[in-house]
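[1] The sequence and its predicted three-dimensional model are supplied below.
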Amino acid sequence: MDFLQFIFSLSRAKKRLVSLIVDSLFLMVAFFGALLVRLDDVNVLSNSANWAVILTVVPFSLFVFTRLGLYRAVLRYIGLQALMAILGGVVFSTFSLVLVSFYANVAIPRTVPLIYIAFAIVLVGGARALVRSLVGSGMKRIGEPVIIYGAGVSGRQLLTSLVQSHEYYPFAFVDDDVSLHGTVIQGVHVHSPSIIRKLIKQKAATKVLLAMPSASRAKRQIILTRLEPLAVKVLTIPAMSDLVNGSKLYTDIKEVEIDDLLGRDTVEPRDDLLTANIKDKVVMVTGAGGSIGSELCRQILKQLPKKLILFELSEFALYAIGRELDATAKELGLNVSIFPLLGSVQRENRVQAVMESFVVQTVYHAAAYKHVPLVEQNVVEGGRNNVFGTLYTARAAIAAKVETFVLVSTDKAVRPTNVMGTTKRMAELVLQALSRENHQTRFCMVRFGNVLGSSGSVVPLFRTQIASGGPVTVTHPDITRFFMTIPEASQLVIQAGAMGKGGDVFVLDMGSSVKIVDLAQKMIRLSGYDVRSDNNPDGDIAIEFSGLRPGEKLYEELLIGDDVTGTEHERIMTANELYLTWREYSVILDRLDAACHDFDHELIRDILLSTPTGFAPTDGICDLVYQQRAKNIASVNKVVNFVL
């Protein structure tokens, strides 16, 4: 093995020279071996005529080997192309042997060429196969031992990629296909998943690489459920679409996506609905730098709008998404004009000026404050942004004769226990009321639950906590949430908006709700750790319960009532809910506007409670300014009482 290491350490030119010399010797051995086998006479070795023939044949043979690309093949990664070069070169060498011996009048038995061709293939090809086998069994037994789950095309490609690096040592395949069990792929045995625990212990493997990019999420969930109790880190290769378009490589392994744990397959979006309000239109996205807003922009860009207006309050967020979209448009050759515009949805004249100047046709209103505890602590700004920001943007859309206006809403608007959910329900009521007025704009809203990976989501928080060694914090052992990926949610928002007739409340099918503590346990185990608990005090990472935060619910709902109807899309439903007329609702909004201006939190709370939103607060007024004022008044009263 040291000799092989020395050979592989040589320069490329020296390696080729060694190969030429060795192949020359192999061809000579094959020729004289054929003569000895046929004639059984050692005198053939001293016959000068025989030497003249083979010394003439060898240069021609090496020239053909070179032209066929045999010496361009890297020996340790030799494949079918190199084997075909060997076969073709040996056939030519045999043909030249016959011609040279014939014209040189050297008597060679007719069976010698047949024996020669067999010996040459065995020596030239077999030696290379032997070296490749030695390399695979010896030199690659370095790096972290891992198991590849999936012995299909992707698994074999992953193995080939890993063999070229020293980071991982793939020592076993595991596959559900019974017909593959017991087979050997590139020197690696394929085993049944039933013995994966034994395999992990055998080599102290710490990682399983999931090489099934085309498998459905339901299938991947079954596999992850099987791997979860093993407390081994599970990594996965990119999706097949990323591999095909070249944006990812097989070596770009990453942590398991949480949507794989949910086991919920996405439904292919309908192109007619995706393009209806976007293609060749001027589209505006408010809150374009946020989690949902930015993904909406990415999806909209693919549908080729005439212009894409990015409206965002945060300078950095606007810069980031604008730069990303410009790069994407340039890379894909998309002829789409992108305009990053700073502004707040609370400034109606700014919003209207933008819509009128660019002649906006479709608006996706994603600008909102969505973090429940923060809005609880900043009630006035939460109300201003979520309720009046929606009102001003909607009125600007009417004035600018926008065709379609889609509000991105939330499941927290259903029977809300917090200010954020209540203000989002009030934003829905704004559009429901305005939709009954006389104008050209078609309003609709799309309500869905949590999205994976959004700002404030538990998933990135859990990842950070696990990476730092824990503990992982969960608010309550019984808390549940609906989850959906950001791309799927954005696509469904766009499709739902295309189906709206006016005042529609669309509800996305979020699947089954997920228990957050179960999600935390899965993430810990699939990161290669044990959950520390009373039953397992020697575990690696503990889960701690921090208690429900102000305004937080144990579970969320998507419907206020049971009056829901399906649509032409299987994942989108329409909720038929009560609403107020604009004449009724405008009175409530005027009172709320005055209360927010005066920072009258008691009145704000009364208005929120009296508006038909279903608001049922679980906490008192948590606004930080309100509480500080209360403390200041209490301190002054205490001093006054002391003086008196």
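    On my side now, so go ahead.

[2] Can you show me the helices along the stretch 101-250 of the chain?
    Along the stretch 101-250 of the chain, the segments classed as helices by DSSP state H, counting those that start in this stretch run 111-120, 126-134, 153-163, 196-203, 217-227, 240-244.

[3] what inclination does the fifth one have with respect to helix 196-203?
    Between the axis of helix 217-227 and that of helix 196-203 there is an angle of 50 degrees, by axes from the mean of the first three to the mean of the last three C-alpha atoms, to 10 degrees.

[4] Show me which residues of helix 217-227 are buried.
    By 16 or more other C-beta atoms under 10 Å, the buried positions in helix 217-227 come out as R217, R220, Q221, I223, L224, L227. Using the backbone N, CA and C atoms, a C-beta is placed for each residue, glycine as well.

[5] What of stretch 183-199?
    Judged by neighbour count (16+ other C-beta under 10 Å), stretch 183-199 contains these buried residues: I185, V188, V190, H191, I196, L199.

[6] Export the helices of the stretch 101-250 of the chain to a markdown table and append columns for mean pLDDT and distance to E577.
    Converted to a markdown table, the helices of the stretch 101-250 of the chain look like this (pLDDT from 0 to 100; distance: least, C-beta to C-beta, whole Å):
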| stretch | mean pLDDT | distance to E577 |
| --- | --- | --- |
| helix 111-120 | 88 | 83 |
| helix 126-134 | 71 | 68 |
| helix 153-163 | 80 | 47 |
| helix 196-203 | 86 | 50 |
| helix 217-227 | 81 | 31 |
| helix 240-244 | 51 | 38 |
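
[7] between those, which one is nearest to T473?
    Closest approach to T473 among those is made by helix 217-227 (23.0 Å; C-beta to C-beta).

[8] Which strands and helices lie in contact with that closest one?
    Helix 217-227 is packed against strand 207-210, helix 258-262, helix 516-526, with contacts defined by 3 or more C-beta pairs under 8 Å, 6 or more residues apart in numbering; DSSP states H and E.

[9] first to last residue in stretch 295-313, what's the distance?
    17 Å (C-alpha to C-alpha, to the nearest Å).

[10] related to what we said a few turns ago, which stretch among the helices of the stretch 101-250 of the chain comes nearest S409?
    When those are compared for distance to S409 using C-beta to C-beta, the nearest one is helix 217-227, at 25.6 Å.

[11] between the closest one and helix 516-526, how big is the angle?
    Using the same axes, to 10 degrees, one finds that helix 217-227 and helix 516-526 are set 70 degrees apart in direction.

[12] re the thing from before, of the helices of the stretch 101-250 of the chain, which is nearest V379?
    helix 217-227 (39.5 Å).

[13] Only alpha carbons, please: show the closest one as CSV.
    The C-alpha trace of helix 217-227 is given here as CSV (Å, rounded to 0.1, in the frame of the first residue of the first chain):
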residue,chain,number,x,y,z
ARG,A,217,-42.0,13.0,1.6
ALA,A,218,-44.2,10.3,3.0
LYS,A,219,-41.6,7.7,2.1
ARG,A,220,-38.8,9.8,3.6
GLN,A,221,-40.8,10.3,6.8
ILE,A,222,-41.1,6.5,7.2
ILE,A,223,-37.3,6.1,6.8
LEU,A,224,-36.6,9.0,9.2
THR,A,225,-39.0,7.5,11.8
ARG,A,226,-37.0,4.2,11.5
LEU,A,227,-33.7,6.1,12.0
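
[14] picking that back up, P170: which of the helices and strands packed on helix 217-227 is closest?
    Nearest to P170 among these is strand 207-210 (7.4 Å), distances taken as C-beta to C-beta.

[15] got any ranges where the stretch 201-350 of the chain has weak pLDDT?
    In the predicted model, the stretch 201-350 of the chain carries pLDDT under 70 at residues 238-254, 256-267.

[16] hang on, the earlier thing: closest one of the buried residues of stretch 183-199 to G551?
    I196 (44.4 Å).

[17] The closest one - nearest residue in space that isn't next to it in sequence?
    The shortest distance from I196 to any non-neighbouring residue, by C-beta to C-beta, 6 or more residues apart in numbering, is to V174 (5.4 Å).

[18] where does that neighbour sit relative to A204, distance-wise?
    16 Å (C-beta to C-beta, to the nearest Å).

[19] of these two, who's got more company?
    V174 (27 against 8; other C-beta atoms under 10 Å).

[20] what pairs with that one across the strands?
    Bridge pairing for V174 (DSSP bridges) gives the partners Y149, H191.

[21] is it true that it touches G155?
    No: with contacts counted by C-beta atoms under 8 Å, V174 stays clear of G155, the gap being 9.2 Å.

[22] so what's in contact with the two at the same time?
    Taking C-beta atoms under 8 Å, 6 or more residues apart in numbering as the contact rule, V174 and G155 both touch I148, Y149.

[23] Same list, the helices and strands packed on helix 217-227, but as CSV with distance to V18 please.
    Formatted as CSV, the helices and strands packed on helix 217-227 follow (distance: least, C-beta to C-beta, whole Å):
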stretch, distance to V18
strand 207-210, 35
helix 258-262, 48
helix 516-526, 47
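
[24] need those in a markdown table with distance to L20 and mean neighbour count, can you?
    As requested, the helices and strands packed on helix 217-227 are exported to a markdown table (distance: least, C-beta to C-beta, whole Å; neighbours: other C-beta atoms under 10 Å):
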| stretch | distance to L20 | mean neighbour count |
| --- | --- | --- |
| strand 207-210 | 39 | 23 |
| helix 258-262 | 51 | 22 |
| helix 516-526 | 51 | 21 |
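
[25] wait, which of the ones you listed is closest to G614?
    Set against G614 and scored by C-beta to C-beta, those come closest in helix 516-526, at 23.6 Å.

[26] Show me what the closest one packs onto, helices and strands only.
    Looks like helix 516-526 contacts helix 217-227, helix 258-262, helix 458-467, strand 472-474, strand 531-532, strand 541-545 (3+ C-beta pairs under 8 Å, 6+ apart).

[27] what ranges do the strands span in the stretch 401-550 of the chain?
    In the stretch 401-550 of the chain, the segments counted as strands under DSSP state E, counting those that start in this stretch are 404-410, 442-448, 450-452, 472-474, 480-481, 483-485, 504-508, 514-515, 531-532, 541-545.

[28] and those as CSV, adding mean pLDDT and distance to E570?
    CSV is the format used below for the strands of the stretch 401-550 of the chain (pLDDT from 0 to 100; distance: least, C-beta to C-beta, whole Å):
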stretch, mean pLDDT, distance to E570
strand 404-410, 94, 20
strand 442-448, 90, 15
strand 450-452, 70, 19
strand 472-474, 91, 32
strand 480-481, 82, 22
strand 483-485, 76, 14
strand 504-508, 85, 11
strand 514-515, 84, 21
strand 531-532, 88, 36
strand 541-545, 91, 36
